[in-house]
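# Below is the sequence, then the predicted model.
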Amino acid sequence: MDACVIGIDIGTSTSKGVVVNANGHVLARAEIPHATSFPQPGWAEHDAEAVWWHDVLFLVQQLIPQAGGVQALCISGIGPTVLACDANGTPLRPAMLYGIDTRASQEIDELHAYYGGETILSRCGALLSSQAIGPKVRWLQRHEPHVWAQTTHLHMLNSWLIQRLTGEYVLDHHSASQCWPFYDIRRATWIREWCADIAPHITWPRLAWPGEIVGRIHAAAAAITGLPVGLPVLCGTIDAWSEAWSVGVQRPGDVMLMYGTTFFVVEVVDTLRLHPAAWGTRGVAPDSFTVAAGLATSGAITQWLQALTGAPYATLIAEAAAVPPGSAGVMLLPYFAGERTPIFDADARGVYSGLTLQHGRGHLYRAALEGTAMAVRHVLSALQIPGHRRFVAVGGGTKGSLWTQIVSDVTGVVQEIPQETIGAAYGDALLAAQAVGMAPAGSPWNATATLVHPQPAHVARYDALYAEYLVAYPTMREHMHQRATWQRQEYGDAIL
């Protein structure tokens with residue numbers, strides 16, 4: 001069999017793996033869904049053993065029989081996450097997830113007041129938000145001191161899996177650049193004094209670039225996984241950036257739009273660009289930079305609607321496609337888990353408005369697609385990303401044409417849809433192939449399959465709706481915050 005590499009990505013609700021040969025051909029693929037826990041309003045967690053490690057074992061066992069001559073393994077996943085562990089890498093509590101976990105609002109305000117927002121932005125590349133790990137570390141110290149007392153290592157998903165497989169404690173520079181406010185984005189190193197201030201007694205991982213070989217499968221991991229002893233393991237990264245790599249979003253001016261459980265925007269830039277409504281990060285390639293933004297929910301809302309109605313996705317999409325632009329007056333503010341960029345409001349809440357007894361599930365579904373498209377336009381406008389850039393659409397939401405068409409109609413941008421849309425796992429495989437010499441740098445594995453152009457007939461309608469969308473949030477903000485406060489007071493640890 002051909003020499004090949006394995007790429008694995010652990011997502012918010014699904015994990016995927018691929019076996020890929022030197023030409024970029026997918027020889028095998030596997031996938032497994034998993035649950036995200038929401039034990040209290042504003043909390044979002046994964047059990048590292050039951051989700052991350054379980055899914056890696058399942059995917060490897062599915063893929064290995066179809067792979068011959070495996071040369072390397074690379075794993076990416078959601079982030080930034082906070083997994084408190086002891087020195088052996090044993091988790092002490094479930095991992096706190098990225099920006100959809102909004103529990104540390106008080107700690108965000110405290111750290112901003114202590115260090116100063118402008119100082120944090122200049123030194124770290126972003127203001128603190130629910131995406132930041134520093135406030136969650138402070139939350140852990142305050143609310144679970146018994147856990148904090150045992151914590152010596154803080155892991156992200158990919159660093160924990162690297163340690164489980166190789167024994168190495170290492171994190172990639174891109175993921176580290178999202179460890180706000182612990183990483184100096186200009187110097188590409190830990191800010192030792194802030195690390196000591198906020199997280200005393202923590203041992204910090206060594207840093208490597210995504211795509212570097214950082215360890216090899218040890219005997220214990222080989223016995224459990226079936227992977228060969230000594231197999232090179234690469235330093236992966238956060239899934240959105242691996243996915244961007246998979247579709248060639250690697251040059252300044254390239255922009256990725258990722259349709260997933262959440263929605264992510266990543267723009268590659270030639271120099272560090274700071275913006276208070278976005279996240280400045282290190283890129284995948286050494287010494288590169290990106291500007292990123294993300295919605296807290298997108299595909300999660302369509303999943304919620306599908307579960308609520310019980311209708312198959314194909315039926316919901318067909319019904320939504322039959323509804324004209326504007327959803328017959330129904331509008332959605334898609335803040336079901338608060339919102340990340342550009343409003344950074346953990347207490348924002350989802351709102352359907354304009355409903356009548358004549359509206360059906362097709363109207364609700366189309367309004368959800370339009371609401372997330374409006375949020376994407378809001379992000380692009382806040383980041384001042386011009387419409388003439390190269391936009392590449394990726395993720396599960398690109399499989400049907402309706403959502404991508406609505407986003408192009410609302411934003412006015414042309415989107416490229418690549419041939420292979422399996423996502424970050426494919427980017428992991430590309431990084432692995434490049435690391436072991438199976439594929440050259442800049443290898444064109446993933447060509448464009450289709451282009452999505454804005455429909456001129458819909459532009460004026462969506463421009464008018466966007467103006468209404470921008471007004472709706474400030475108008476509703478106080479009411480949203482009252483609802484959020486009431487939910488915390490009344491529901492306690494119940495699942496909403």
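Okay, I see it. Numbering: from 1, shown residues only.
# right, and Gly400 touches Ala318 too?
No - applying C-beta atoms under 8 Å, one finds Gly400 not in contact with Ala318, separated by 9.7 Å. In short, each C-beta sits where N, CA and C put it, glycine included.
# Would you mind listing the buried residues in stretch 163-178?
163-166, 168-178 (16 or more other C-beta atoms under 10 Å).
# Show me how far it is from its chain's centre.
Remark: stretch 163-178 is offset 17 Å from the chain centroid, using C-alpha atoms, centre = their mean, to the nearest Å.
# pretty sure Ile301 is touching Phe336, no?
Yes - look at Ile301 against Phe336 with C-beta under 8 Å: they come within range, at 5.9 Å.
# for the stretch 1-150 of the chain, what spans make up the helices?
Secondary structure of the stretch 1-150 of the chain (DSSP state H, counting those that start in this stretch): helices located at 54-63, 105-115, 117-124, 134-143, 145-150.
# Can you give the distance of whichever helix or strand comes after the last one from its chain's centre?
By that I understand helix 145-150. The first helix or strand that comes after helix 145-150 along the chain, using DSSP states H and E, is strand 153-155. Centroid separation for strand 153-155 versus its chain: 19 Å, with C-alpha atoms, centre = their mean.
# Identify each buried residue in the strand or helix carrying Glu267, please.
For Glu267, the element it lies in under DSSP H and E is strand 263-269. The neighbour-count check on strand 263-269 (16+ other C-beta under 10 Å) flags 263-268 as buried.
# Could you single out the nearest of those residues to Thr225?
Closest approach to Thr225 among these (C-beta to C-beta): Phe264, at 29.3 Å.
# Model confidence at that closest one, what's the number?
pLDDT recorded at Phe264 is 89.
# Arg206 versus that one, what's the distance?
Distance from Phe264 to Arg206, counting by C-beta to C-beta, to the nearest Å: 27 Å.
# do the same with Gly248
29 Å.
# Who has more neighbours out of these two?
More crowded of Gly248 and Arg206, by other C-beta atoms under 10 Å: Gly248, with 21 against 11.
# for that one, what are its contacts?
By C-beta atoms under 8 Å, 6 or more residues apart in numbering, the contact list for Gly248 reads 254, 392, 418, 444, 446.
# Considering those residues, which possesses the most neighbours?
Sorting the contacts of Gly248 by how many neighbours each has (other C-beta under 10 Å) puts Val392 first, at 23 neighbours.
# for that one, helix, strand, or coil?
Here Val392 takes the strand state, with states given by DSSP: H, G, I helix; E, B strand; the rest coil.
# just to revisit the earlier point, what residues are shared contacts of Ile301 and Phe336?
Common neighbours of Ile301 and Phe336 (C-beta under 8 Å, 6+ apart) are Gly350.
# More neighbours: which of those two?
Comparing Ile301 with Phe336 by neighbour count (other C-beta under 10 Å), the higher total belongs to Ile301, at 24 against 21.
# distance of the more buried one from Tyr365?
With distances taken as C-beta to C-beta, Ile301 is found 9 Å from Tyr365.
# same check, this time on Gly134
Relative to Tyr365, and taking C-beta to C-beta, Gly134 is found at 38 Å.
# Okay, now the sheet partners of the helix or strand following the strand holding Glu267, with direction.
Of the helices and strands lying after strand 263-269 in sequence (DSSP H and E), the nearest is strand 279-282. Sheet partners assigned to strand 279-282 using DSSP bridges are listed as strand 289-295 (antiparallel).
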